[in-house]
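Trainee: turn this into a structure:
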Amino acid sequence: MLGSRASALVPALLQSGRLVRVLAAILPWPAALLAQEAAPAPATLALARAFVAVVDSGDVTAFLDRHLAAGADRGRIESLMRAVRAEDGVTLERVEPIADGVGLHLRARNADRGTLIFLRPDAGDSTRVAWLESLAILPPAAATPRAFPASVRGERTVARAVAGEVARLAALDAFSGVVLVAHGDRVVLRAAHGLANAERGERVTSTTRFHLASTGKLVTTAAVARLVARGRLALDDSLGALLPDVRWPDGARGATVRELLAHTAGFGDIFSQPGYDRARRYRPGDLVAEFATRPLEAPPGRRWSYSNLGFEILAAIVERFEGADFEVAYGRLVLGPAGARVDADPVPTAPGYAVPYAHRDDDLVGASPRESSLPKLGHGWSGAGGGYASADDLFRILRAFTGGGLVPRALLDTLAAPRNSLGPGRAYGYGLMVREVAGRRLLGHGGGGSGVGICNRVATRMDGSWTVVILSNVEPPSCEALADRLEELLAAQ
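Mentor: Numbers count the residues shown, from 1 in each chain. Down below sits the predicted model:
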């Protein structure tokens, strides 16, 4: 789960918090995963340009008096606008459509760094701002991951090229973590860089265990898929039939497993909801009882909206069918067969675990030193993500997923079919992020987001021939861009 600047928005996005939504998304989610293909409306572009002019050198108070939507959080939006102003002005590099708003790529005038701001206009009046979020810090140009030339082919050449690029980024302080590349069952590269614990001077190794954030949704998806494959559960089963004792809000009883996996069931997020306590250790049933009984954000099947709460409901369903806590159920259904391990609630500062590091929330361009972001993270493992694992653990889960060890190929095809477009060549299926590259489909998931010091991405070709796992304990976007380049490289093999 996410606990960042993008948590209310989110892997792409982000990825997966500041995504991932996606931040992605615990969110994800990354801005690229949230992008839509449709161009922004002219009124939205005009609002965006007015916003940029104001944060560069205008009157913030007057802008909000004129352009703030009814019900919007003025204090929060004004604080973010003034934080951008503190960077001595900005220039607008480009505007891109993201979800139901726009992403503004702003570069600080006083530094070779920038910030990606998400602006969502009011649904009824696109001249007014309903939501504002800082999605990601934009690094210096030199720290942007490079595309790999077409001549990079074969295991040895791929391993050498990827190792060199990861080392280059690490030397620029743009990457800390582990990159694993595998060809079939054979791992051809494990590259480890950076500090797992800066306070103790402990370096990252290939076996370091990282907070999974939304990448952990893969385990929930696999557990549900196993129950479907065994005929104990169907994608079109309804919540009213599966969990009949819950006081579902109007319209929710007909929502299906299919819609929960696809983030179209109408449930919102958890972290921005009143009453959510980040320090509390919730069980899936607790979250369902406290938050899933509130009104839906949209009727089931109506629209895509990244929902951590939806995956907590899925975990509660798995618990009911397995007659055990989800950690035990996931172990029986997924982790045991895959030969993998997820640590539910370790001491994250213990040796062997990576402490996440991020810039201060008021530092939108990454000028300050990173500091531990552990206080921002949700407690423990859950259906929506979290827990700690190594790169090899995730590789084993992906191999079991695509190799037939967990689900039959026909069901995998159903899960990985693009359902909701997240931008050119990108989509969300059923519990999986999907990308089409060079005529090949990759499936996986992202996790983390700016502000929480987590940036994970895992992807494998549908045939399981090439796999990449990236686990990082510093915030995006460099690792997201690196993942894009690696996916493109592996799709071309």
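Trainee: so which elements touch the strand or helix carrying Glu480?
Mentor: Using DSSP states H and E, Glu480 maps to helix 478-491. In terms of contacts (3 or more CB pairs under 8 Å, 6 or more residues apart in numbering; DSSP states H and E), helix 478-491 is packed against helix 155-171, strand 177-183, strand 433-437, strand 440-449, strand 454-461, strand 466-472. Just so you know, the C-beta spots here come from the backbone N, C-alpha and C atoms, and that holds for glycine as well.
Trainee: please convert these to a markdown table, extending it with mean pLDDT.
Mentor: Below are the helices and strands packed on helix 478-491 laid out as a markdown table (pLDDT from 0 to 100):
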| stretch | mean pLDDT |
| --- | --- |
| helix 155-171 | 97 |
| strand 177-183 | 98 |
| strand 433-437 | 96 |
| strand 440-449 | 94 |
| strand 454-461 | 96 |
| strand 466-472 | 98 |
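Trainee: what's the closest of those to Leu411?
Mentor: Closest approach to Leu411 among these is made by strand 440-449 (12.6 Å; CB to CB).
Trainee: the closest one packs against which elements?
Mentor: So strand 440-449, by 3+ CB pairs under 8 Å, 6+ apart, packs with strand 21-24, helix 217-229, helix 391-402, helix 409-416, strand 433-437, strand 454-461, helix 478-491.
Trainee: most tightly surrounded among the ones you listed?
Mentor: Among those, the stretch with the highest mean neighbour count (mean count of other CB atoms under 10 Å) is strand 21-24, at a mean of 43.
Trainee: of the helices and strands packed on strand 440-449, which shows the lowest average pLDDT?
Mentor: Ranked by mean pLDDT, these end with strand 21-24 at the bottom, a mean of 33.
Trainee: on that earlier part again, looking at the helices and strands packed on helix 478-491, spot the one closest to Val355.
Mentor: Using CB to CB, the helices and strands packed on helix 478-491 put strand 454-461 closest to Val355, at 10.6 Å.
Trainee: was I right about Asn456 contacting Ile470?
Mentor: Yes. Here Asn456 reaches Ile470: they are 6.4 Å apart, a contact under CB atoms under 8 Å.
Trainee: adding distance to Arg247, write the helices and strands packed on helix 478-491 out as a markdown table.
Mentor: Putting those into a markdown table (distance: least, CB to CB, whole Å) gives the following:
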| stretch | distance to Arg247 |
| --- | --- |
| helix 155-171 | 49 |
| strand 177-183 | 42 |
| strand 433-437 | 32 |
| strand 440-449 | 31 |
| strand 454-461 | 34 |
| strand 466-472 | 39 |
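Trainee: of those, which is nearest Ala72?
Mentor: Closest among these, once you apply CB to CB, is strand 440-449, at 21.7 Å.
Trainee: what angle sits between that closest one and strand 454-461?
Mentor: 170 degrees (axes from the mean of the first three to the mean of the last three CA atoms, to 10 degrees).
Trainee: so what's the gap between strand 440-449 and the chain middle?
Mentor: Put simply, strand 440-449 sits 9 Å off its chain's centre (CA atoms, centre = their mean, to the nearest Å).
Trainee: partners of that strand in the sheet?
Mentor: For strand 440-449, the paired strands and their directions (DSSP bridges) are strand 433-437 (antiparallel), strand 454-461 (antiparallel).
Trainee: what angle separates it from helix 409-416?
Mentor: Between strand 440-449 and helix 409-416, the angle comes out at 50 degrees (the same axes, to 10 degrees).
Trainee: mind saving the C-alpha coords of stretch 56-75 as CSV?
Mentor: What follows is stretch 56-75, C-alpha atoms only, in CSV (Å, rounded to 0.1, in the frame of the first residue of the first chain):
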residue,chain,number,x,y,z
ASP,A,56,5.8,31.0,-11.9
SER,A,57,5.2,34.6,-10.9
GLY,A,58,1.5,35.3,-10.3
ASP,A,59,-1.0,35.8,-7.5
VAL,A,60,-1.8,32.5,-6.0
THR,A,61,-4.7,33.8,-3.9
ALA,A,62,-6.4,35.6,-6.8
PHE,A,63,-6.0,32.4,-8.9
LEU,A,64,-7.7,30.3,-6.3
ASP,A,65,-10.5,32.8,-5.7
ARG,A,66,-11.3,32.5,-9.4
HIS,A,67,-10.5,28.9,-10.3
LEU,A,68,-11.0,26.7,-7.2
ALA,A,69,-13.8,24.2,-7.6
ALA,A,70,-16.5,24.0,-4.9
GLY,A,71,-15.5,21.4,-2.3
ALA,A,72,-11.9,21.4,-3.2
ASP,A,73,-9.2,21.4,-0.5
ARG,A,74,-8.1,25.0,-0.7
GLY,A,75,-5.4,24.8,2.0
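Trainee: what pLDDT is listed against Ala41?
Mentor: 84.
Trainee: next one: the one 10 residues further on
Mentor: What the model reports as pLDDT for Phe51 is 94.
Trainee: over to Arg109?
Mentor: Here, the pLDDT recorded for Arg109 equals 81.
Trainee: burial count for the spatially closest residue to it that is not a sequence neighbour?
Mentor: Using CB to CB, 6 or more residues apart in numbering and skipping the chain neighbours, the partner closest in space to Arg109 is Gly89 (4.4 Å). Residues lying near Gly89 (other CB atoms under 10 Å) number 15.
Trainee: list phi and psi for Gly89.
Mentor: phi 90, psi 160 (degrees, to the nearest 10).
Trainee: so it makes contact with Leu106?
Mentor: No. When contacts are counted by CB under 8 Å, Gly89 is not listed as touching Leu106 (9.7 Å).
Trainee: now the strands for the stretch 301-450 of the chain?
Mentor: 357-358, 371-372, 388-389, 420-423, 426-428, 433-437, 440-449 (DSSP state E, counting those that start in this stretch).
Trainee: ok, now the stretch 1-150 of the chain?
Mentor: Using DSSP E, counting those that start in this stretch, the strands assigned to the stretch 1-150 of the chain run over residues 21-24, 90-98, 101-108, 114-121, 129-138.
Trainee: what sits against the residue nearest to Asp112 when sequence neighbours are not counted?
Mentor: Excluding its sequence neighbours, the residue lying closest to Asp112 (CB to CB, 6+ apart) is Pro140, at 4.3 Å. Pro140 sits next to 112-113, 172 when contact means CB atoms under 8 Å, 6 or more residues apart in numbering.
Trainee: now, which of these sits nearest Val334?
Mentor: Leu172 (36.8 Å).
Trainee: in the stretch 251-400 of the chain, where is pLDDT below threshold?
Mentor: Low-confidence segments of the stretch 251-400 of the chain, defined by pLDDT under 70: 379.
Trainee: try it again at 90.
Mentor: Applying pLDDT under 90 to the stretch 251-400 of the chain picks out residues 268-274, 277-281, 305, 345, 359-369, 375-380.
Trainee: any idea how far the nearest residue to Leu172 once chain neighbours are set aside is from Ala83?
Mentor: Closest residue to Leu172 apart from its sequence neighbours, by CB to CB, 6+ apart: Ala143 at 4.6 Å. To Ala83, Ala143 is 22 Å away according to CB to CB, to the nearest Å.
Trainee: got it, and Thr205?
Mentor: Thr205 is 36 Å from Ala83, by CB to CB.
Trainee: between those two, which is the more surrounded one?
Mentor: Taking other CB under 10 Å, Thr205 and Ala83 do not tie; Ala83 has more neighbours (18 against 13).
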